[in-house]
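**Q** Sequence and computational prediction follow.
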Amino acid sequence: MMTMSHTSPSAPVSPMSMFAVRKSNAGAGPAPALAGDGVGGTVVKVNATARVFSQGDPADAVYYVRSGLVRLTIVSSTGKEAVLGTAGKGQFFGESCLAGARVRIKSATAVTECELLRVEKGVMLRALHQNTHWAELFVEKLLARNIRYEEDLVDQLLNSSEKRLARALLLMAGVGHAAAPETVVLKISQETLAEMVGTTRSRVSSFMNRFRSLGYIDYDRSGLHVHRSLLTVVLR
């Protein structure tokens, strides 16, 4: 079961589980670009593997990722599921509601523990019309994500499964950003990685063993350690 709660003691409890919600202001977040913008929202904490929303749910809000990683998927009429991409820290998702969509055409699931800012559709539309800084941030993030999706498509069409896995790990670890540490710890299953890369779990296991033997990654109780040296697999 998934429980939803607000800071108010009289708030109703939803039948959803692993989805704790508390009211907050956008300015409370760690992202400087959001501080002081006066955009009202709800801070949502989501446990790993929990659904943020499902395909077919009402499209009534936009989400901003303050921390964590969200996987976006779609299921065909025959039941086949495809991974459309991911949304990480500093990215928006669920914006189709702003273009008139009434229901979600895809599902969003937390890959890791996440902290999200949920902005209601009406609030978001007013902010985009009235707040120039917020509108610029939103457009900037969407353009960056579209470029990422194009890169993902090229990666899927032209690169081997091994390179796609290495790239997925590096992107999730934020390697390539100036402030990224040399080694980043991820908590993600090989089954999820296989879905994201578009291959089997056995192949992912084989590639991960190879990366580990070469010193590109390590495992321990805290999770998967991704080293910057993994870039070698992508760049070679």
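**A** Here it is on my side, so go on. Numbers count the residues shown, from 1 in each chain.

**Q** Let me see the ranges of the strands in the chain.
**A** Under the criterion DSSP state E, the chain contains strands at 2-4, 14-17, 19-25, 40-46, 51-53, 61-67, 69-75, 81-88, 92-93, 107-110, 114-120, 183-186, 217-220, 223-227.

**Q** Turn the ones you listed into JSON lines, including mean pLDDT and mean neighbour count.
**A** Where you see a C-beta, it was placed from the backbone N, CA and C, and this is true even at glycine. Shown next, in JSON lines, are the strands of the chain (pLDDT from 0 to 100; neighbours: other Cβ atoms under 10 Å):
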{"stretch": "strand 2-4", "mean pLDDT": "36", "mean neighbour count": "14"}
{"stretch": "strand 14-17", "mean pLDDT": "29", "mean neighbour count": "12"}
{"stretch": "strand 19-25", "mean pLDDT": "34", "mean neighbour count": "16"}
{"stretch": "strand 40-46", "mean pLDDT": "89", "mean neighbour count": "20"}
{"stretch": "strand 51-53", "mean pLDDT": "97", "mean neighbour count": "21"}
{"stretch": "strand 61-67", "mean pLDDT": "94", "mean neighbour count": "22"}
{"stretch": "strand 69-75", "mean pLDDT": "91", "mean neighbour count": "19"}
{"stretch": "strand 81-88", "mean pLDDT": "84", "mean neighbour count": "18"}
{"stretch": "strand 92-93", "mean pLDDT": "94", "mean neighbour count": "21"}
{"stretch": "strand 107-110", "mean pLDDT": "95", "mean neighbour count": "22"}
{"stretch": "strand 114-120", "mean pLDDT": "94", "mean neighbour count": "22"}
{"stretch": "strand 183-186", "mean pLDDT": "82", "mean neighbour count": "16"}
{"stretch": "strand 217-220", "mean pLDDT": "90", "mean neighbour count": "14"}
{"stretch": "strand 223-227", "mean pLDDT": "89", "mean neighbour count": "19"}
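
**Q** In a markdown table, list those along with distance to Ala168.
**A** Shown next, in a markdown table, are the strands of the chain (distance: least, Cβ to Cβ, whole Å):
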| stretch | distance to Ala168 |
| --- | --- |
| strand 2-4 | 27 |
| strand 14-17 | 28 |
| strand 19-25 | 25 |
| strand 40-46 | 20 |
| strand 51-53 | 20 |
| strand 61-67 | 17 |
| strand 69-75 | 11 |
| strand 81-88 | 8 |
| strand 92-93 | 17 |
| strand 107-110 | 16 |
| strand 114-120 | 17 |
| strand 183-186 | 10 |
| strand 217-220 | 12 |
| strand 223-227 | 10 |
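
**Q** Output the contacting helices and strands for the lengthiest helix in the chain.
**A** Secondary structure of the chain per DSSP state H: the longest helix is helix 132-158. Counting contacts by 3 or more Cβ pairs under 8 Å, 6 or more residues apart in numbering; DSSP states H and E, helix 132-158 is packed against strand 81-88, strand 92-93, helix 121-130, helix 161-173.

**Q** is it true that Ala194 touches Arg201?
**A** Yes - using Cβ atoms under 8 Å, Ala194 is in contact with Arg201, at 4.5 Å.

**Q** The two: who's more crowded?
**A** Taking other Cβ atoms under 10 Å, Ala194 and Arg201 do not tie; Ala194 has more neighbours (19 against 14).

**Q** okay, now the domains of this structure?
**A** With domains defined by automatic domain parsing, the chain comprises 2-147, 159-235.
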